[in-house]
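Chemist: Just the structure for this:
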Amino acid sequence: RNDYFFQGRPGAAPATESMPAPTDSGPVKQATRMRNTISHEPMQKFGHVAFLAFGSNVGDRVQSINKALKMLDSETTQLLSTSFLYESPASYVTDQPPFVNGACKICTSLDPESLLKKVKEIEVEVGRQQRFRWGPREVDLDIIFYDSVVQLQNRV
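Modeler: Numbers count the residues shown, from 1 in each chain. Okay, here's the model as predicted:
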């Protein structure tokens with residue numbers, strides 16, 4: 001699903017495609033134009049929906065994020081959509097490079113704890129090194145929403 005990785009605007013059609021100009025302003029043509037401008041998600045393979053936040057401020061930030069997103073798209077998780085990328089200054093410990101941040105929607109067959117384990121493994125595989133809290137990161141993946149589950153544990 002290369003259309004959801006960051007080569008320009010995420011989820012957008014390739015720059016070589018253009019939407020045909022409407023020939024009239026009738027309701028069918030308007031609906032066709034609207035349908036052509038909406039980015040559609042693929043059919044969900046798994047029953048649980050989760051949203052992840054991601055960021056990077058070390059090395060090739062966009063490449064690290066793309067690598068992590070590609071690794072998320074697997075036999076147990078499916079990448080459904082991604083946000084735009086945003087650059088922002090570091091918070092808390094501010095004497096470090098700015099972050100590139102975004103979010104993605106996935107579906108998964110994993111429970112919350114297994115999904116957490118998977119994203120931590122992806123961070124390591126992309127090259128994340130353990131430093132100090134709020135320090136620089138090659139990639140950071142955080143589960144921000146999982147179905148309607150509210151976890152009271154510190155781990156997830």
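Chemist: Next, the most centrally placed residue in the chain: phi, psi?
Modeler: The centre of the chain sits closest to residue 104, judged by CA atoms, centre = their mean, with a distance of 2.8 Å. Torsion angles at residue 104 (phi, psi; degrees, to the nearest 10) stand at phi -140, psi 160.
Chemist: repeat for the one 3 residues further on
Modeler: Torsion angles at residue 107 (phi, psi; degrees, to the nearest 10) stand at phi -120, psi 150.
Chemist: Tell me which residues touch it, please.
Modeler: Counting by CB atoms under 8 Å, 6 or more residues apart in numbering, residue 107 makes contact with 44-50, 77-78, 80. C-beta: built from backbone N, CA, C; applies to glycine.
Chemist: okay, and for the protein, where does confidence drop off?
Modeler: By pLDDT under 70, the low-scoring segments of the chain are 1-39, 151-156.
Chemist: I'd assumed residue 48 was in contact with residue 76.
Modeler: No. Counting by CB atoms under 8 Å, residue 76 sits too far from residue 48 to count as a contact (10.2 Å).
Chemist: Could you name every residue contacting both of those two?
Modeler: 108-110.
Chemist: could I have the top helix by length along the chain exported to PDB, CA atoms only?
Modeler: When the chain is parsed with DSSP state H, its longest helix is helix 112-126. Extracted as PDB, the C-alpha positions of helix 112-126 are listed here (Å, rounded to 0.1, in the frame of the first residue of the first chain):
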ATOM      1  CA  PRO A 112      -3.700  -4.200  23.400                       C
ATOM      2  CA  GLU A 113      -0.700  -5.800  25.200                       C
ATOM      3  CA  SER A 114       0.400  -7.800  22.200                       C
ATOM      4  CA  LEU A 115       0.000  -4.700  20.000                       C
ATOM      5  CA  LEU A 116       2.200  -2.700  22.400                       C
ATOM      6  CA  LYS A 117       4.800  -5.500  22.300                       C
ATOM      7  CA  LYS A 118       4.700  -5.400  18.500                       C
ATOM      8  CA  VAL A 119       5.200  -1.600  18.300                       C
ATOM      9  CA  LYS A 120       8.100  -1.800  20.700                       C
ATOM     10  CA  GLU A 121       9.700  -4.500  18.600                       C
ATOM     11  CA  ILE A 122       9.200  -2.300  15.500                       C
ATOM     12  CA  GLU A 123      10.900   0.700  17.300                       C
ATOM     13  CA  VAL A 124      13.900  -1.500  18.100                       C
ATOM     14  CA  GLU A 125      14.100  -2.900  14.500                       C
ATOM     15  CA  VAL A 126      13.900   0.600  13.000                       C
END
